[in-house]
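Undergrad: no sequence for this one, just the structure:
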């Protein structure tokens, strides 16, 4: 739920010496993203997408660097990124198994698949395996209802799922 | 007249005109070879007001859910003052049951780009943003490839065939969302584009006057924009040859043009089909989708995304057009993403799923929606478990129905979507709910000494 307040006040920020936002990334953002928008703040989503793509999640230090890069306060950046489900503030598994649980997928039997994933990986929705290989989440509609039940593994959509097909896809992840 | 050849899906093989297995992305060269960007050239020879008038005459209504007249929306923009004006393309397709825009972008992205260029010409917008939902990774990449082709072929950018708009070259960018249904609400989308939480804005001011970055902004759905090339090249009358006038006569706006229907759920061949507005749902299910899975009987359907509410078993023949709301007791046609449920479906479970969706996606800005959807979800879970009381049904009905409880107290329409699902489910399938509830304890007699 996007509106649930996350306990960030007590979060310990791990610092590292090397900045997350390299000069090269900044140059790329300045040249490619910022000219598109009338304000620097408008580039926040695309910038966060790219940072997350690079590091797998959005570390607090990276968000602070994004804030100073875009001329925003840390709170403004946190306010925005905590709203969106796709931004991860904690590290997630290398492979994100995202099963759709909305109406068409429920009608076509997503619950069975979720149960099977739970058994196979030993984790519930929202959890990551200890080796950091898999994360499992149940999401709302992914916009492929004609292929229900379906899932996304990272960016790849796999539709018309049976357990056999899903298990094969999970096993294929290296 | 029924569609004798595909219009919007001209380049996307779709039954009965083609085989979905043959679908592939239309490249710029293929698009151009099959008559693409001709309508744009034609539009560039017309005055902006004339384009708007043709679109107004075609009575094209928005395909994103609200069904508002596209041409009329454009006329709300003030006269250009030389500063920036924006077109925001709503590709944040997140309503459960809706997947038409995904297929359109996957296989014919240039039709969207042509529509965007025509809309920018008509409304004199110089910058277009395609706001695409974050989960559409592949579609965002497809659009980037198509945009690269379009820039290389002078459709957008410096020295493009569009010349200068407001003294600037016409530009078009892809902007990815990050997983929030509410960003499909037009002002939520603008907030998100500005780099904020997708909280819908209080209106007025309307986006046409003060939208993105405080400037005049038009927001159109992907499918709406994709209708424009046909309307410009073939004329308003050709578009109006499909569909029909309103059943209510007078000045009520009609339902014209071809429309994509996305069918999912318990049907043999789920998918996107193109037909004219006003087609019977039974025709869509039986003729296009091969009937109900396992030859079971039809029980219920949702006409266009879960916020529209339920069609009952005896409304199998409902005509899918913009009058569906008043005629069949649902909110409206919505996105025309039809979700079909067979006789084995438990409506309590289906309603619980829908309300959980809204409870999850409520942005939390307005208390009635944030709290109301959460409590409705909890009550539905209780009934589903078998712990509910019959008075719970009445309470849910009251919350969903009475103005001032949940409806009519929120900034955007998300709360209404929740309520329509709940109230139509209770109204049309009360027996399903009662069968799961224990009777309420009714106290008979007088409490002495109370």
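TA: Good, I have the coordinates. Just so we're clear, the structure is a prediction, and the values are computed from it rather than from any experiment.

Undergrad: how about the strands in chain B?
TA: According to DSSP state E, chain B carries its strands in the segments B:86-91, B:127-132, B:164-165, B:168-169, B:171-176, B:217-221, B:243-244, B:255-256, B:258-265, B:271-276, B:279-280, B:298-302, B:319-320, B:337-342.

Undergrad: Flag the shaky bits of chain A, pLDDT-wise.
TA: Residues of chain A that meet the criterion pLDDT under 70 lie in A:1-9, A:11.

Undergrad: Can you pull the phi/psi pair for the most far-flung residue of it relative to its centre?
TA: Here chain A reaches farthest from its C-alpha mean at residue A:38, the gap being 26.8 Å by Cα atoms, centre = their mean. Backbone torsions for residue A:38, taken as degrees, to the nearest 10, come to phi -80, psi -20.

Undergrad: check contacts around the closest residue to residue B:389 other than its chain neighbours.
TA: Distances taken as Cβ to Cβ, 6 or more residues apart in numbering or on different chains put residue B:440 closest to residue B:389, at 4.6 Å, once the chain neighbours are dropped. The way it works is simple: take the backbone N, C-alpha and C, and place the C-beta from them, glycine included. Going by Cβ atoms under 8 Å, 6 or more residues apart in numbering or on different chains, residue B:440 touches B:389-391.

Undergrad: Show me what residue of the stretch 351-450 of chain B gets nearest to chain A.
TA: residue B:364 (2.4 Å; Cβ to the nearest Cβ).

Undergrad: Look up the pLDDT of that residue for me, please.
TA: Among the per-residue scores, residue B:364 shows a pLDDT of 93.

Undergrad: one step back: from the contacts of residue B:440, list the buried ones, please.
TA: B:389-390 (16 or more other Cβ atoms under 10 Å in any protein chain shown).

Undergrad: Nearest approach to residue B:329 belongs to which of the strands of chain B?
TA: strand B:298-302 (12.6 Å; Cβ to Cβ).

Undergrad: Which other helices and strands does that closest one contact?
TA: Counting contacts by 3 or more Cβ pairs under 8 Å, 6 or more residues apart in numbering or on different chains; DSSP states H and E, strand B:298-302 packs against strand B:337-342, helix B:347-361.

Undergrad: State the mean pLDDT of that strand.
TA: Strand B:298-302 comes out at a mean pLDDT of 97.

Undergrad: And the contacts of that strand?
TA: A:103, B:97, B:265, B:281, B:285, B:292, B:308-313, B:315-316, B:318, B:338-345, B:347, B:350, B:421, B:428-429.

Undergrad: returning to what we had before: for the residue farthest from the centre of chain A, which non-adjacent residue is spatially closest?
TA: residue B:213 is the one closest to residue A:38 (Cβ to Cβ, 6+ apart), at 4.2 Å.

Undergrad: got the contact list for the closest residue to residue B:109 other than its chain neighbours?
TA: Once flanking residues are discounted, residue B:109 sits nearest to residue B:146: 3.7 Å by Cβ to Cβ, 6+ apart. By Cβ under 8 Å, 6+ apart, residue B:146 lies in contact with B:25, B:28, B:109-110, B:112-113.

Undergrad: How about residue B:230?
TA: Counting by Cβ under 8 Å, 6+ apart, residue B:230 touches B:7-8, B:39, B:238-239.

Undergrad: Give me the buried entries from those residues.
TA: Neighbour-count burial (16+ other Cβ under 10 Å) applied to those gives B:7-8, B:39, B:239.

Undergrad: In CSV, list the residues you listed along with pLDDT.
TA: Shown next, in CSV, are the buried ones among the contacts of residue B:230 (pLDDT from 0 to 100):
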residue, pLDDT
B:7, 95
B:8, 96
B:39, 97
B:239, 96
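
Undergrad: rewinding a little: give me the distance between the residue nearest to residue A:38 and residue A:75.
TA: Remark: distance between residue B:213 and residue A:75 (Cβ to Cβ, to the nearest Å) = 21 Å.

Undergrad: Between the two, tell me which one has more neighbours.
TA: residue B:213 (17 against 10; other Cβ atoms under 10 Å in any protein chain shown).

Undergrad: Tell me which residues touch that one, please.
TA: A:37-39, A:42, B:84, B:86, B:194.

Undergrad: do the same with residue B:297
TA: By Cβ under 8 Å, 6+ apart, the neighbours of residue B:297 are B:342-343.
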